[in-house]
Each structure stands twice: as structure tokens, then as C-alpha cells.
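S.K.: here is a sequence with its predicted model. Questions after.
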Amino acid sequence: MGTSLDLKVGDVVEVRSEAEILATLDENGELESLPFMPEMVRYCGQRLTVGKVAHKVCDTLTRSGMRRMEHAVHLAGVRCDGSGHGGCQAACFIYWKHAWLRKVDPADADTTPRPVPAPELLPLLTIASRRPPAEDGTERYRCQATELLRAAPQVLPVKDLGQFVEDVRSGNVGPLWSLRALFVGVYNRVQDISVKKLPPKLRLRGGRHWGYLRGTAVKTPSGHTDLQPGDLVRIKSKKDIAPTLNADLLNRGMGFDAEMGRFCGRTARVARRIEHIIDERTGEMLHMRSPCIVLDGVVCEGAYAASCPRSITPYWREIWLEKVATAEAAPEESALRAAR
């Protein structure tokens, strides 16, 4: 049983010193199978705010659904910069075990002395961030994303209603949001059963999950508009995006899901172009033949995924976006500010 601080969204915590964290780690630089990564060291001694309570995670490796995570949180604004993992651009929300943190009263002055470095910590983490190379010599990495199934080994089914109560109790979401997530989860489970048990003509909306996306392309098209950071774009409608997706909702290997569909019609600024990310399954660096786009402030909200707190950054094909003309930019951005 790990350390529990009963943390909630909005709580202020202080990241423990390098020496204190080192004392919690095994020979692989892990606590309860969750790696403490080189990118996390710079936060030692800092005071930060709990952004989400990571009591569950969505499985993006084997698609088994939700899985239970113990004694972990995400800290507001703290994402991996990839500096210790070959420059990976995924910008994942970092997991922090309670044992790596101490809860503090934000009203109290920060009188904690500057933490003394532990020189042996970073070398341990650097070695632990690499797997043995592939047969062809390709470098392979280990990070929190690649080890997530070990860190969260227990599948969390929709029928475990306690997860939805915890979503509200922790401050991750409100009651109505949680009820909707429960409804969508049950609905999607029924749809899965109908696909297995019923003939096509008896399935509701073809057995599709909530969001009712359907790709219609046999050969998926590409589109290149050379979008650059700072460009204002509008996400196309589901109707316009459907012809770019195959039956598996993929466009040249990249998925478009119901969570992304919720942003259709909205505008956002291009944050960056993604050219390489770590493959969570193999640990190898994937180099995009066609760079994809990340939009500023657009993250998965878990509305159709049991309120998953991972806040994953969606990747957008350029063909799913349309650049907003300069003349439209001012009123569009005013509307965005008003919505916030």
C-alpha cells in the first residue's frame, strides 16, 4: 500500500527533494511500477497545484478500457517536454505519486530550504529511460506511457460505480458531467454487446459508439496546407471529416475519435507541428511522414471516456482543419475569449 495524501483538485503540493524521491525508487527508477522520469527532476522543491486526481487511466496500448491507478495525481500545467526521451513531442500529462509530494497550506510562506541535489538520481533515471535496443539497433525508450499497464494493472469496468463517485469527490468533474459519462459508458457497452450478439439490421445506429462517427473512405486522402504555429484554424464538421476516414476511423494510420468530434466547428491556434513521438507499444521513436498538428488549449476532456483525467493532446491531420482568414481572426478570437 502506497502513501496516500487524500489529494483533491486545487490542493497545493510541494515536490519532494531529489534525495527523498530517490529513497522511494527501486533499481529501475520506479515506484509501484511507475517511472520517475528525468524530465521530472527540475520540479523538485517547487510548489504546484493538483490539476487532476489520476485515480484511473484510459488504456491506449491495448484498448482494454479504463484501468485503476493508485495514489497518483497530475499537476496543473506539468507535461513531459521529452528532453530525457529523445525529444519526444507527445507532451504527456505527467503522473506524480503521492510519495513524491507533500501537501502544503498555500497560505503558509515557503520556508522550505533549497533541496540538496542527489547526484546519483539523474544517472539512474537516464539509464532507466532506455530499453534494450531493437534487433536492428533502433533505440527504444521507457517512460510513464510505455509502462502504464504495469503501473495500472487492474481493469476498471463501467459497472464499478465508485469511479464516478470518485470523479466528483476528487474535484475532477461535476455531478452532471459524471452522470453523463456513466450513461455514455453503459450505452457504449450495450453497443459492443449488440455488435457481438445481434444481426446488423437490429443494431441501434449500426452498433456505433456514442458520437456516431462513421468513416466512408476506401482510400484515405491527404491534405497539406503548411499550417504553422500561431495560425488560426477551424476544425471541420463531422460531415466533412467522415470522407477522410476509413471504416476504422483512421486517416493514413491516425485516428479521429468521438472526443475529437466534440471540437468540430470550433476555432483554435496551431500550437506546434508534431514530427516524432514515442510508440507506447514498442518504445521506438515514430517519425511522422506527414507531420500532424496540435492545437492550443485543445485536449481530450474524457466526456465519452468515463471522465479519463489524462487530458491527452489530440493530433490533427491538416485535412481536418481549415485556415481562418486574417479578416475573420479578430471576431473569432473574441468569441473564444468570451467562451472561456
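M.R.: All right, it came through fine.
S.K.: neighbouring contacts of stretch 252-264?
M.R.: Identification of contacts with stretch 252-264 by CB atoms under 8 Å, 6 or more residues apart in numbering yields 209-211, 213, 215, 220, 222, 235-238, 241, 244-245, 248-250, 290, 292, 298, 300-305, 314-317, 320. Bear in mind the C-beta positions are built from the backbone N, C-alpha and C, glycine included.
S.K.: not counting sequence-adjacent ones, nearest residue to Leu156?
M.R.: By the measure of CB to CB, 6 or more residues apart in numbering, the closest residue to Leu156 outside its immediate chain neighbours is Met66, 4.2 Å from it.
S.K.: show me the shaky parts of the stretch 51-200 of the chain.
M.R.: Across the stretch 51-200 of the chain, residues meeting the criterion (pLDDT under 70) sit at 111-115.
S.K.: quick one: the strands in it?
M.R.: In the stretch 51-200 of the chain, strands defined by DSSP state E, counting those that start in this stretch lie at 56-58, 66-68, 72-75, 96-97, 101-103, 130-131, 140-141, 154-156, listed in chain order.
S.K.: the residue nearest to Leu156 and Arg310 touch, don't they?
M.R.: No. Using CB atoms under 8 Å, Met66 is not in contact with Arg310; the gap is 10.4 Å.
S.K.: spit out the residues that contact those two alike.
M.R.: Joint contacts of Met66 and Arg310 (CB under 8 Å, 6+ apart) are 57-58.
S.K.: tell me which of the strands of the stretch 51-200 of the chain sits nearest to Ala90.
M.R.: strand 140-141 (11.0 Å; CB to CB).
S.K.: packing partners for that closest one?
M.R.: strand 130-131 (3 or more CB pairs under 8 Å, 6 or more residues apart in numbering; DSSP states H and E).
S.K.: parallel or antiparallel, which strands does the strand it packs on pair with?
M.R.: Strand 130-131 has its sheet partners listed here by DSSP bridges as strand 140-141 (antiparallel).
S.K.: off-centre distance for the strand it pairs with?
M.R.: Centroid separation between strand 140-141 and its chain, computed with CA atoms, centre = their mean, to the nearest Å, is 19 Å.
S.K.: ok, now stretch 45-57?
M.R.: For stretch 45-57, the distance to the chain centre is 14 Å (CA atoms, centre = their mean).
S.K.: now the end-to-end length of it.
M.R.: Start-to-end span of stretch 45-57 (CA to CA, to the nearest Å) is 27 Å.
S.K.: buried sites along that stretch?
M.R.: Within stretch 45-57, the residues that qualify as buried are 45, 48, 50-57, counting by 16 or more other CB atoms under 10 Å.
S.K.: can you check stretch 78-88 too?
M.R.: If you call a residue buried by 16+ other CB under 10 Å, then stretch 78-88 has these buried ones: 78-80, 82, 84-86, 88.
S.K.: select, from those, the two members most distant in space.
M.R.: Farthest pair in these (CB to CB) is Val78 and Gly86. Separation: 19.9 Å.
S.K.: and the gap between the nearest residue to Asp248 once chain neighbours are set aside and Asn28?
M.R.: Excluding the flanking residues, the one nearest Asp248 by CB to CB, 6+ apart is Gly215, at 7.0 Å. For Gly215, the distance to Asn28 (CB to CB, to the nearest Å) stands at 41 Å.
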